[in-house]
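# pasted the sequence and its predicted model underneath.
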Amino acid sequence: MSSTTTGIKLDAPTKERIKEAAGLLDRTPHWFMKKAVLYWLERVESGAGVADMLSETDLDNDDRLNSVLSRRQLLNVD
């Protein structure tokens with residue numbers, strides 16, 4: 001199976017946290033991020049939703065900032 005590179009934008013403090021966490025596990029930041037993505041991907045594929053990932057307060061804030069459906073409704077885009 002071939003692989004392709006996919007990028008995400010992270011602020012410097014988050015990148016540093018990933019580097020430190022990976023180091024604590026004696027792994028690379030790449031390994032850490034790949035495992036994190038696969039962890040959540042498997043849970044979503046098993047039926048988990050955003051509410052299973054976030055607290056109620058965080059969920060409200062996240063919906064306002066990141067919900068594709070909410071943005072479409074605000075823009076009246078079909």
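Noted; the coordinates are in hand.

# so which helix or strand takes in A21?
Using DSSP states H and E, A21 maps to helix 12-24.

# list the buried ones in the lowest-mean-pLDDT helix or strand in the chain?
Sorting the helices and strands of the chain by mean pLDDT, DSSP states H and E puts helix 68-75 at the bottom, at a mean of 81. By neighbour count with 16 or more other Cβ atoms under 10 Å, helix 68-75 contains no buried residues. Backbone N, C-alpha and C define where each C-beta goes, glycine included.

# so how far is that helix off the chain centroid?
20 Å (Cα atoms, centre = their mean, to the nearest Å).

# which helices and strands sit right next to the helix holding A21?
Where contact means 3 or more Cβ pairs under 8 Å, 6 or more residues apart in numbering; DSSP states H and E, helix 12-24 is packed against helix 29-45.

# list the buried residues in the helix it packs on.
In helix 29-45, counting by 16+ other Cβ under 10 Å, buried: 29, 32-33.

# and the residue nearest to the spatial centre of the chain, how far is that from I18?
Centroid check for the chain by Cα atoms, centre = their mean gives V37 as the closest residue, at 6.8 Å. Using Cβ to Cβ, to the nearest Å, one obtains 12 Å as the distance from V37 to I18.

# same thing with D52?
Using Cβ to Cβ, we find D52 at a distance of 22 Å from I18.

# which of the two has more residues huddled nearby?
For D52 versus I18, neighbours defined as other Cβ atoms under 10 Å are more numerous around I18 (17 against 12).

# you'd agree the more buried one is up against K34?
No: using Cβ atoms under 8 Å, I18 makes no contact with K34, being 11.2 Å away.

# any idea of the mean pLDDT in stretch 21-38?
Mean pLDDT, stretch 21-38: 98.
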